[in-house]
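**Q** would you be able to build a 3D model of this:
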Amino acid sequence: MTRPIAAALAVVALAVSGCMVAGFDEANRVPQNDGANANGGDSLSLRNVFLLGGTDSASHPPQQALFGVIVNDAQKPDQLEKITMEGGGTVQLAGQPLALPPDQAVGTGNKPIGMATGVRGNVVPMTFTFREAKPVRLMVPVMTRTGHFSNLPSAPAGPPASAPPVTSPPPPEVTNQGTGSPGPTATTTG
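**A** Purely as a prediction, here's the structure:
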């Protein structure tokens, strides 16, 4: 009777060890994500949100770049209106407000989404406030500028990568034929 139990335990042990090895290999193929992650309802995803500190984790520079990717899965555009930090400090967004077009990711391409001043500690509670979606609170880690973080920019060079906001096209310009100058297209005689 002990032989069938021992055989069953051996099969379970082999299956578990095979799963552990497969999980380990799978984990090595997944891109690294050291930042904070959260979902804002069913329509927004915040991924890999982190602050980039200095080369020494004991002292923070006066300003730190805020990185992260925000994906708007809604069918309509939204906006990130502001980010507040608990315990003081401020965040200036790269675009005020930051446009979040539908079905697109904003903050890709290693461009910061904003700059933070007055950062205290190695993890900062931040609240992301949107025009349409509910606010999202994250515990944002401060990364040391070493390893794969060492080549990231320390300040935004403009708004983060995204599609331009949806706007209505300008009205067509009315011109006189042959002159190219603006004017009425038809004239009346009295």
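
**Q** contacts and neighbour counts: CA atoms only from here.
**A** Will do.

**Q** tally of neighbours for residue 93?
**A** 22 (other C-alpha atoms under 10 Å).

**Q** please read the previous query as pertaining to residue 128.
**A** 18.

**Q** which SSE is it in?
**A** strand 123-130 (DSSP states H and E).

**Q** now residue 80
**A** strand 78-85.

**Q** and the closest residue in space to residue 145 that isn't next to it in sequence, which of the three is it?
**A** Excluding its sequence neighbours, the residue lying closest to residue 145 (C-alpha to C-alpha, 6 or more residues apart in numbering) is residue 55, at 4.7 Å. Using DSSP: H, G, I helix; E, B strand; the rest coil, the structure places residue 55 in coil.

**Q** what is the neighbour count of residue 55?
**A** Quick note: residue 55 (other C-alpha under 10 Å) scores 15 neighbours.

**Q** which elements pack onto the following helix or strand past the strand holding residue 128?
**A** Per DSSP H and E, the first helix or strand lying C-terminal to strand 123-130 is strand 136-143. Applying 3 or more C-alpha pairs under 8 Å, 6 or more residues apart in numbering; DSSP states H and E, one finds that strand 136-143 contacts strand 36-40, strand 44-52, strand 123-130.

**Q** which residues sit against the second one?
**A** Outside strand 44-52, the residues within contact range by C-alpha atoms under 8 Å, 6 or more residues apart in numbering are 33-40, 64-74, 116, 133, 140-145, 149, 154.

**Q** now the residues you listed: which count as buried?
**A** 35-38, 40, 64-74, 116, 133, 140-145, 154 (16 or more other C-alpha atoms under 10 Å).

**Q** returning to what we had before: tabulate the helices and strands packed on strand 136-143 (a markdown table), appending mean pLDDT and distance to residue 91.
**A** Formatted as a markdown table, these follow (pLDDT from 0 to 100; distance: least, C-alpha to C-alpha, whole Å):
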| stretch | mean pLDDT | distance to residue 91 |
| --- | --- | --- |
| strand 36-40 | 92 | 16 |
| strand 44-52 | 94 | 11 |
| strand 123-130 | 96 | 9 |
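
**Q** residue 55 contacts residue 143, doesn't it?
**A** No: with contacts counted by C-alpha atoms under 8 Å, residue 55 stays clear of residue 143, the gap being 9.0 Å.
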